[in-house]
Each structure stands twice: as structure tokens, then as C-alpha cells.
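Chemist: Okay, structure incoming, though there's no sequence with it:
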């Protein structure tokens, strides 16, 4: 198997599409229902969902990650583009990865995503 994408459902997908467009550029895929961006080998899509209303009441339940060789530099670029910052880049130690950096951001619906030092598998 291979992980393909994540779909973020929203009551107001236009706000999310505008937000992610500021951060990642024009969507690589867009139609009347959904828009999406390729980030590395993964894909993030946004669209309306009838069962999603308002802000995410539990933003830490599902956090999607973008691996980066330069977390601080990419964080600065996204912040400059208008990213909502939850936590500035910080260093922590993971087993086998002594110099790991992570930064937490959120979208207008309150969904968290993170920049994280690329992991070598």
C-alpha cells in the first residue's frame, strides 16, 4: 500500500482554499467541489462536507505533517505568507534523530498541520 492524500472537509471550503493557496500556491487540481495541492509525493485536498460544521473542536486529534530539510526556513516562508502559528519551530530529540525540528500551524477551521524535519526510514 501507499498513502495517497488527505481530504479536509469544511463548511466553508473557500476560506480554506484561499488560505492554502496563499501558503502553497495555486491548486494543482480544482473543480467546482474540491481543490488540492501536491506537496512532495503526497496530496492535500479541501472540499465541502455535509457533516462538518464550524471550527475543529479537537485540532490535535489528527495532525498532518510536511517533512522539510529546513523547518525554520520553510516556517518563516509560510508565516510570511499568512500561516496561522500555533507553535514556532522547536528542537526535540527522537530516537535515532538527535536534531529534529517541528513547528505547528493551523488553518482557519482549526485543523493543525506541522513542518517536521525529514525522517529517514
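Modeler: Good, I have the coordinates. These numbers come from a predicted model, not from an experiment.

Chemist: okay, CA-based contacts and neighbour counts for the rest of this
Modeler: Will do.

Chemist: Could you report the neighbour count for residue 2?
Modeler: 5 (other Cα atoms under 10 Å).

Chemist: same question but for residue 69, I mixed them up
Modeler: The burial count for residue 69: 13, using other Cα under 10 Å.

Chemist: Number the residues from 781 up from this point.
Modeler: Yes, from this point I'll number from 781; that puts the last item at residue 849.

Chemist: Tell me the spacing between it and residue 898.
Modeler: Going from residue 849 to residue 898 by Cα to Cα, to the nearest Å gives 6 Å.

Chemist: all helices in the protein, in order from the N-terminus.
Modeler: Per DSSP state H, the chain carries helices over the ranges 793-804, 851-860.

Chemist: Tell me which residues of the longest one come out buried.
Modeler: By neighbour count, and taking 16 or more other Cα atoms under 10 Å as the criterion, the buried residues in helix 793-804 are 793-794, 796-797, 799-801, 803.

Chemist: again with the last one
Modeler: Counting neighbours by 16+ other Cα under 10 Å, one finds that the buried residues in helix 851-860 are 851-852, 855, 858.

Chemist: ok, the residues you listed vs residue 882, which is closest?
Modeler: Of all the buried residues of helix 851-860, residue 851 has the smallest distance to residue 882: 6.7 Å, by Cα to Cα.

Chemist: quick one, what contacts that closest one?
Modeler: Taking Cα atoms under 8 Å, 6 or more residues apart in numbering, we find residue 851 in contact with 869, 881-883, 895-897.

Chemist: Quick one: buried ones out of those?
Modeler: 869, 881-883, 895-897.

Chemist: can you redo these as CSV with pLDDT?
Modeler: Listed next are these as CSV, based on pLDDT from 0 to 100:
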residue, pLDDT
869, 97
881, 94
882, 96
883, 98
895, 97
896, 94
897, 92
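
Chemist: Which ones among those residues map onto strands?
Modeler: Judged by DSSP state E, the buried ones among the contacts of residue 851 include 869, 881-883, 895-897 as members of strands.

Chemist: Can you tell me the closest non-neighbouring residue to residue 814?
Modeler: residue 827 (4.5 Å; Cα to Cα, 6 or more residues apart in numbering).
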